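Visitor: the following comprises the amino acid sequence and a computationally predicted model.
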Amino acid sequence: DQQVKQNSPSLSVQEGRISILNCDYTNSMFDYFLWYKKYPAEGPTFLISISSIKDKNEDGRFTVFLNKSAKHLSLHIVPSQPGDSAVYFCAAYLSGGSNYKLTFGKGTLLTVNP
Amino acid sequence: NAGVMQNPRHLVRRRGQEARLRCSPMKGHSHVYWYRQLPEEGLKFMVYLQKENIIDESGMPKERFSAEFPKEGPSILRIQQVVRGDSAAYFCASSPPLVGSITEAFFGQGTRLTVV
């Protein structure tokens, strides 16, 4: 049972344009969501997060939007740069003290073309 | 300041052998988390340890898998009698004392285990 879904295995975007990565979840008890970036042969790197009490969080070129009623979140990267090419994982965890037990999606490979 | 170090980076084992994966947390970090990524899957939580204590092993398979984080030395994830289905990338992450949160954790580069 996949509780966090990233339905697009890959996405290709032109440099300078917007990249939008999507993530859906099924467990309404999730109350914290994170995005990680992973380069080949490296571990995941934390990128940005959002609490379920918010609907938007922004950090530089990265913005995460949360739509709780649709159980959907998205990561926007503007403007996209070739160095953003990586696999992006959406992840979530439940409240109640288990803020180390992440549930990850399968990831979306983003390619930003120069 | 070295990051989270995992070794070996690649490990090949024959079915039935034992696999030992090591994770040296960042300096000053006392919390370690192990995650596994099976092919075509997202990372899945396995175990959370603090020095000399297993805090949560709810994600560990009940047989053949064990983990430890001794007072001195790296954390070890041990898989006995490996099977082909154990082939995966194993990642560990560490976070500082008093911060048992994955959001403050840094991941290592992972160990890719291949069982032949």
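Guide: Yes, it's here.
Visitor: what about residue 106, neighbour count?
Guide: No chain in the question, so chain A it is. A:Lys106: 19 surrounding residues under other Cβ atoms under 10 Å in any protein chain shown. From N, CA and C alone the C-beta is placed, and that goes for glycine too.
Visitor: wait, chain B was what I had in mind.
Guide: Quick note: B:Phe106 (other Cβ under 10 Å) scores 18 neighbours.
Visitor: settle this for me: it is touching B:Ala93, isn't it.
Guide: Yes. Contact criterion Cβ atoms under 8 Å: B:Phe106 and B:Ala93 qualify, at 6.2 Å.
Visitor: give me the common contacts of the two.
Guide: Common contact partners of B:Phe106 and B:Ala93 (Cβ atoms under 8 Å, 6 or more residues apart in numbering or on different chains): A:43, B:4.
Visitor: got any ranges where chain B has weak pLDDT?
Guide: Low-confidence segments of chain B, defined by pLDDT under 70: B:1-2, B:98-101.
Visitor: that one: helices as residue ranges?
Guide: With DSSP state H as the criterion, chain B has no helices.
Visitor: not counting sequence-adjacent ones, nearest residue to B:Pro96?
Guide: B:His29 (5.5 Å; Cβ to Cβ, 6 or more residues apart in numbering or on different chains).
Visitor: name the residues of chain A found near chain B, please.
Guide: A:4, A:6, A:32, A:34, A:41-46, A:49, A:89, A:91, A:93, A:98-107 (Cβ under 8 Å from any Cβ of the partner chain).
Visitor: which of these fall in helices?
Guide: Assignment to helices by DSSP H places none of the residues of chain A next to chain B there.
Visitor: now, of those residues, which are buried?
Guide: Listed as buried from the residues of chain A next to chain B are A:4, A:6, A:32, A:34, A:43-44, A:46, A:49, A:89, A:91, A:93, A:99-107; burial here means 16 or more other Cβ atoms under 10 Å in any protein chain shown.
Visitor: thought A:Asp31 was touching A:Ser49?
Guide: No. Between A:Asp31 and A:Ser49 there is no contact under Cβ under 8 Å: 11.2 Å.
Visitor: residue nearest the middle of chain B, spatially speaking?
Guide: B:Trp34 (3.7 Å; Cα atoms, centre = their mean).
Visitor: where's it relative to B:Asn53, distance?
Guide: Distance, B:Trp34 to B:Asn53, using Cβ to Cβ, to the nearest Å: 14 Å.
Visitor: now swap in B:Pro8 and tell me
Guide: B:Pro8 is 26 Å from B:Asn53, by Cβ to Cβ.
Visitor: which of the two has more neighbours?
Guide: In this view B:Pro8 and B:Asn53 are compared by other Cβ under 10 Å, and B:Pro8 has more residues nearby, 13 against 10.
Visitor: just give the closest residue to the more buried one, not the sequence neighbours.
Guide: B:Thr111 (6.1 Å).
Visitor: just checking, B:Glu52 touches B:Glu72?
Guide: No. Using Cβ under 8 Å, B:Glu52 is not in contact with B:Glu72; the gap is 9.9 Å.
Visitor: just the strands in chain A please.
Guide: Secondary structure of chain A, counting by DSSP state E: strands at A:4-5, A:10-14, A:19-25, A:30-38, A:45-51, A:56-59, A:62-67, A:72-77, A:86-94, A:103-104, A:108-113.
Visitor: format those as a markdown table; extra columns: mean pLDDT.
Guide: A markdown table is the format used below for the strands of chain A (pLDDT from 0 to 100):
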| stretch | mean pLDDT |
| --- | --- |
| strand A:4-5 | 95 |
| strand A:10-14 | 98 |
| strand A:19-25 | 97 |
| strand A:30-38 | 93 |
| strand A:45-51 | 94 |
| strand A:56-59 | 97 |
| strand A:62-67 | 98 |
| strand A:72-77 | 98 |
| strand A:86-94 | 94 |
| strand A:103-104 | 93 |
| strand A:108-113 | 97 |
